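Engineer: here is a sequence with its predicted model. Questions after.
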Amino acid sequence: MAAIVTGLIPILRTAVDATTTYKCRSVWFGFLCIRLVILFLAELPFTKLDADFTCNGTRDSICTRACFNRHFHKPMMVAWNFIYVLVILSVLLMELFASHLRTLAQKRRPQVDVELQEKEEAQAVSTDPSGRMVIDLHRDRGAVCFYLLSISLRVLVEVWFVYVLLSWNLPALNSGPYECSTDVCSELHVCVVRAAPEKCMSVYALASISGMIIVCSVLFCMYSIAHYLCNF
């Protein structure tokens with residue numbers, strides 16, 4: 001639980017203490033928080049995966065470890081954490097762009113009130129009553145396209161994550177038993193993974209939250225294209 005709190009603090013602080021905001025910004029940071037919590041809970045059954053892998057008559061032997069390496073030859077938790085970092089980067093990409101627009105808006109502030117009113121009509125950044133700058137996607141198609149690019153990258157990362165879960169990890173967690181024969185130990189061994197259903201449930205949970213994010217992102221892209229680019 002301490003790890004969850006430690007990870008959530010910087011995400012929530014960034015989401016709350018922003019000087020520039022844009023459409024659905026809080027939604028993406030909310031997804032980051034949910035992903036972090038689900039990722040932490042999903043990794044709990046895998047903390048002692050090597051100890052949960054047992055072969056007949058060869059427990060803690062070199063044959064069991066060789067069978068373990070052959071059976072789990074594709075990464076799990078490291079891949080999950082790396083892909084989560086990529087998701088964070090896709091969100092921070094828009095944050096950097098929003099910071100860039102805020103900097104440009106501050107540099108372009110005119111010194112005369114009349115010029116200020118004229119430029120506010122053409123600027124993509126306005127100020128809300130609380131003092132935060134808001135990116136107006138109706139005024140800048142370039143900002144819309146960059147926003148859609150960051151969301152598209154997020155969708156690609158999430159699709160890749162679902163592929164890793166369902167094609168790499170889930171087949172390795174079948175209830176077994178597995179027959180194993182390696183170069184180290186030529187005899188045939190029968191191996192099983194303990195608590196396989198619980199581990200499969202972790203994979204399903206991660207795939208479900210990624211599927212939800214993909215659906216929401218695609219729907220928002222369709223809405224943005226229709227509303228901001230096509231003016232429907």
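Structural biologist: Cool, got the structure. Keep in mind the model is a prediction, meaning the values are calculated, not measured. Numbering: from 1, shown residues only.
Engineer: so where do the strands sit in the chain?
Structural biologist: Here the chain has its strands, by DSSP state E, at 20-21, 53-55, 125-127, 133-135, 178-180, 189-193.
Engineer: for His227, which of those is the nearest?
Structural biologist: Closest to His227 of the strands of the chain is strand 133-135 (C-beta to C-beta; 14.5 Å). C-beta: built from backbone N, CA, C; applies to glycine.
Engineer: for Cys191, give me its contacts.
Structural biologist: Cys191 makes contact with 53-56, 64, 67-68, 71, 176-180 under the criterion C-beta atoms under 8 Å, 6 or more residues apart in numbering.
Engineer: return the distance of the closest residue in space to Ile209 that isn't next to it in sequence relative to Leu49.
Structural biologist: Using C-beta to C-beta, 6 or more residues apart in numbering and skipping residues adjacent in sequence, the residue nearest Ile209 is Ile38, 5.1 Å away. Note on Ile38: its distance to Leu49, by C-beta to C-beta, to the nearest Å, is 18 Å.
Engineer: can you count the residues close to the nearest residue to Phe53 once chain neighbours are set aside?
Structural biologist: Leaving aside its sequence neighbours, Phe53 sits nearest to Phe68 (C-beta to C-beta, 6+ apart; 4.8 Å). Number of residues near Phe68 (other C-beta atoms under 10 Å) recorded here: 19.
Engineer: follow-up on the earlier one: neighbours around the residue nearest to Ile209, how many?
Structural biologist: Residues near Ile38, counting by other C-beta under 10 Å: 16.
Engineer: again, but for Gly30
Structural biologist: Residues lying near Gly30 (other C-beta under 10 Å) number 14.
Engineer: ok, back up a step: wait, isn't the residue nearest to Ile209 in contact with Leu206?
Structural biologist: Yes - applying C-beta atoms under 8 Å as the test, Ile38 and Leu206 come out as touching, 6.3 Å apart.
Engineer: next, the contact list for the residue nearest to Ile209, please.
Structural biologist: Contacts of Ile38 by C-beta under 8 Å, 6+ apart are Ala205, Leu206, Ile209.
Engineer: how about a cut-off of 10 Å?
Structural biologist: The contact partners of Ile38, taken as C-beta atoms under 10 Å, 6 or more residues apart in numbering, are Ser202, Ala205, Leu206, Ser208, Ile209, Ser210.
Engineer: my guess is the last one meets Ile83, correct?
Structural biologist: Yes - with contact taken as C-beta atoms under 10 Å, Ser210 and Ile83 are classed as touching, separated by 9.0 Å.
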